[in-house]
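Participant: Structure of the sequence below:
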Amino acid sequence: QAPIKATCEDMSCKTGFPEDVHSAVVSRSVHGGQPLLNVRFRSCDGNKKIHFGSSEPEDFRVSEDGVVYAERSFQLSAEPTEFVVSAQDKETQQEWQMRVKLTPEPAFTGASEKDQRKIEEIIFPWQQYKHSSPLKRQKRDWVIPPINLPENSKGPFPQELVRIRSDRDKSLSLRYSVTGPGADQPPTGIFIINPISGQLSVTKPLDREQIASFHLRAHAVDVNGNQVENPIDIVINVIDMNDNRPEFLHQVWNGTVPEGSKPGTYVMTVTAIDADDPNTQNGMLRYRILSQAPSSPSPNMFTINNETGDIITVAAGLDREKVQQYTLIIQATDMEGNPTYGLSNTATAVIAVTDVNDNPPEFTAMTFYGEVPENRMDVIVANLTVTDKDQPHTPAWNAMYRMTGGDPTGRFTILTDPNSNDGLVTVVKPIDFETNRMFVLTVAAENQVPLAKGIQHPPQSTATVSITVIDVNESPYFVPNPKLVRQEEGLMAGSVLTTFTAQDPDRYMQQTSLRYSKLSDPANWLKIDPVNGQITTTAVLDRESIYVQNNMYNATFLASDNGIPPMSGTGTLQIYLLDINDNAPQVHPKEATTCETLQPNAINITAVDPDIDPNAGPFAFELPDTPASIKRNWTIVRISGDHAQLSLRIRFLEAGIYDVPIVITDSGNPHASSTSLLKVKVCQCDLNGDCTDVDRIVGAGLGTGAIIAILLCIIILLILVLMFVVWMKRRDKERQAKQLLIDPEDDVRDNILKYDEEGGGEEDQDYDLSQLQQPDTVEPDAIKPVGIRRLDERPIHAEPQYPVRSAAPHPGDIGDFINEGLKAADNDPTAPPYDSLLVFDYEGSGSTAGSLSSLNSSSSGGEQDYDYLNDWGPRFKKLADMYGGGDD
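Facilitator: The predicted model follows:
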């Protein structure tokens, strides 16, 4: 329902209400939030801030613009309803009042209250007009106004809304129906219509937040279902009631503000929503701050825009080091923030005070001390500690150190410990105690970000670092290192080469002189005097040695002091060896092949000289005068400085291997020459000049006839070996068939026991004759176990005077030595009847073989026949000649 505005006559300018009593006519049914009327207040001073109030606040309220709203839904009685509207000046507290009288709309005579609600009819758009002509029906356009229905109505239900009828119902029996959402479409059953009377009703309370309006279509048909009227559209608007509280999008809002911010700095925005109609006061929200914690330094550090929810600062003094976080309770109220009629809700705003660099780093001491041994690197010599009140591990807290003085050569640097924020003074270049004994550094501390505007670094941001250098024993060093010496090769052993000395950098330590020694000398050519460092040669220097690379020979020497701890240093001596003509050239290759005939028979040879220019090529090649066959058979021609060509002089040379001497002379001063043997294989060749019988030529230098003879000898030798084997087998069979003519006690062959093959057979003539000189030394008596002594072993007596021979006798002396030994044994009265020279080891007792003791002297057993020993090989043949040969 639209409000009814009252009017009054114009008056002269006087602050206050224009009338004492304001009357208005309104509908009998009033719903909550409905605007009823508009009161006017005249202010001669437009700057006055007027606050309106009502004497019946539970039923009526007055907005700031003078509109009177119903606070709740109710029915006006037949009698006028009166209440007082007051206006108060907020500054002067002056107050004005006006009485308002509300009169309900008049009712029709003879109709009940229920009939009054049903009095509104909607007639299908047809109307009769009277003219001079007979009556006519004329179609007209009719826009039906919407029906306004408050939400959350308490009934009773069904509640009648409007009657739909057609002016043809007088002549026809009609049936009415409605279609659309809320009627026959979901949600169905909300609206119903009496098909006879056309009374439209609502069956239950409506909720505007679910459906704000319904669009229905009314139909009129006859009893046969024939349409008698065109359908009409009916719009039902649901009037909003203040039935929803504001809801914040988040229950907890987080924001930040830098410390030291000025008043008016934007912080954050909080937002709440209300499900009610935003075009009415039911959905118009207002914000305010209920509380602030903590309340320091001021209880009102922040304010909020009551319409937008923007939070800004209103006071200075934000200091993170004192208060790091503020908690605000924010309230949102609908009905434009009316505390009496509006619905409210709260949320929490947490505002963190962010750090800015408003506190510079300050050293904990004005002077720091440290020490470092000389020549040390990457050593932390001092820890610089600082304090910073800003938030740890932020750019405003992280410290950076820089040296402002005391280190012109850049020997120190200062690193920052990321955990403790300490400055670590570190040595990055070696320090020499003999040059600098102390450093005094000036250090300044800063943050990673500049200080806030208006804040300066205090004196505590600068400190002094005193660093003491500790003297240590340093290694001696050779000067120069390496040392280069140019020397001709061939310098004889014992020659003084040079003097290689070192220096001790420790000038302030009491030490004796340095001692020198050799560390590396690959060819062992040099030695150094341990006191004065003089280097002399111990061998001839040879440039062509394998230890010389690119004419350079390197040797390393060591210089040591007697400090604590002892230190040493190394130096390299480089000897550049100058070449002398100490090597004669040689032919290369050493072997060659050519053909028997004159063509083709050229052999290319090369002269090789370990020396270098000018002691090498060009070379001179020639053949020697002797033997005469060389120049008769061969000729040599030089084709370049290092190469020559050897060829046959005669037309034919028999195939074979020939040693051709070649005299090669170099270009040194004086010249060096040598005769090199070139082994030439002469062979039969095919048309292409390739050897065809090279396989028949062996490397022993033999001709074809000699090779054939050797092959024949090998065949004959194999035949003899075969015949010998056959004869031995036949002889063994004959021995098994008859008895031996020799007494078994005297048969020495039975005592020959074969244990293993220790030599090369009869051809093995490499004897250790030293064992024949002193047989007792083979197995001394002292190391023999007690009780294991052979019966035929010689007892212990004084040593006889047997002859002693040299350790390496000539083979021809063996016979003389044995004869002398036999004579000594014959003349020895203590000699037992056995030959002690044949005792080698204990072989056990009870042997069936006879004793060989009869061989000790030539005076016994002369009648024995020893001819069979001739068949036993050269060793026993000698014995047979000695003992069985008669007087000879």
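Participant: Could you pull up the residues touching residue 389?
Facilitator: Residue 389 makes contact with 321, 359, according to Cβ atoms under 8 Å, 6 or more residues apart in numbering. All C-beta atoms are positioned from the backbone trio N, CA, C, and that covers glycine.
Participant: Could you measure from it over to residue 452?
Facilitator: According to Cβ to Cβ, to the nearest Å, residue 389 and residue 452 sit 13 Å apart.
Participant: With residue 348 instead?
Facilitator: Using Cβ to Cβ, residue 348 is found at 30 Å from residue 452.
Participant: Would you map the strands across the stretch 201-350 of the chain?
Facilitator: Counting by DSSP state E, counting those that start in this stretch, the segments of the stretch 201-350 of the chain that form strands are 213-222, 232-239, 247-248, 252-258, 266-269, 272-273, 286-293, 302-304, 310-313, 325-333, 344-354.
Participant: let me fix that: the stretch 1-150 of the chain
Facilitator: 21-26, 29-30, 35-38, 50-54, 60-62, 67-70, 74-75, 81-89, 95-104, 121-123, 126-129, 136-139, 147-150.
Participant: closest one to residue 331 among those strands?
Facilitator: Nearest to residue 331 among the strands of the stretch 1-150 of the chain is strand 60-62 (19.4 Å), distances taken as Cβ to Cβ.
Participant: Check the average confidence over that closest one, would you?
Facilitator: For strand 60-62, the mean per-residue pLDDT is 89.
Participant: tell me what that strand is packed against?
Facilitator: If you count contacts as 3 or more Cβ pairs under 8 Å, 6 or more residues apart in numbering; DSSP states H and E, strand 60-62 packs onto strand 50-54, strand 67-70.
Participant: Tell me the strands beside the last one, with direction?
Facilitator: In the sheet containing strand 67-70, its partner strands are strand 35-38 (antiparallel), strand 60-62 (antiparallel), by DSSP bridges.
Participant: which one of the ones you listed is the most hemmed in?
Facilitator: Mean neighbour count (mean count of other Cβ atoms under 10 Å) peaks for strand 60-62 among those, with a mean of 22.
Participant: Any chance you could list what contacts that one?
Facilitator: Contacts for strand 60-62 (Cβ under 8 Å, 6+ apart): 36, 39, 52-54, 68-71, 83, 85, 338, 340-341.
Participant: Give me the buried positions along stretch 342-355.
Facilitator: Neighbour-count burial for stretch 342-355, with 16 or more other Cβ atoms under 10 Å as criterion, is recorded at 342-345, 347-349, 351, 353-355.
Participant: Just give me the closest of these to residue 817.
Facilitator: Nearest member of the buried residues of stretch 342-355 to residue 817, counting by Cβ to Cβ, is residue 355, at 113.6 Å.
Participant: Next up, the contacts around that closest one.
Facilitator: Counting by Cβ under 8 Å, 6+ apart, residue 355 touches 258-259, 320, 390-391, 394, 396-397.
Participant: Serialize these to JSON lines and add fields for distance to residue 715 and neighbour count.
Facilitator: JSON lines is the format used below for these (distance: Cβ to Cβ, whole Å; neighbours: other Cβ atoms under 10 Å):
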{"residue": "258", "distance to residue 715": "118", "neighbour count": "14"}
{"residue": "259", "distance to residue 715": "120", "neighbour count": "20"}
{"residue": "320", "distance to residue 715": "118", "neighbour count": "22"}
{"residue": "390", "distance to residue 715": "112", "neighbour count": "22"}
{"residue": "391", "distance to residue 715": "111", "neighbour count": "19"}
{"residue": "394", "distance to residue 715": "108", "neighbour count": "16"}
{"residue": "396", "distance to residue 715": "111", "neighbour count": "24"}
{"residue": "397", "distance to residue 715": "108", "neighbour count": "20"}
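Participant: surely residue 270 meets residue 351?
Facilitator: No: using Cβ atoms under 8 Å, residue 270 is not in contact with residue 351; the gap is 11.0 Å.
Participant: okay, and the common contacts of these two?
Facilitator: Common contacts of residue 270 and residue 351, defined by Cβ under 8 Å, 6+ apart, comprise residue 311.
Participant: Please point out which parts of stretch 202-210 sit buried.
Facilitator: For stretch 202-210, burial by neighbour count (16+ other Cβ under 10 Å) applies to 202, 205-206, 208.
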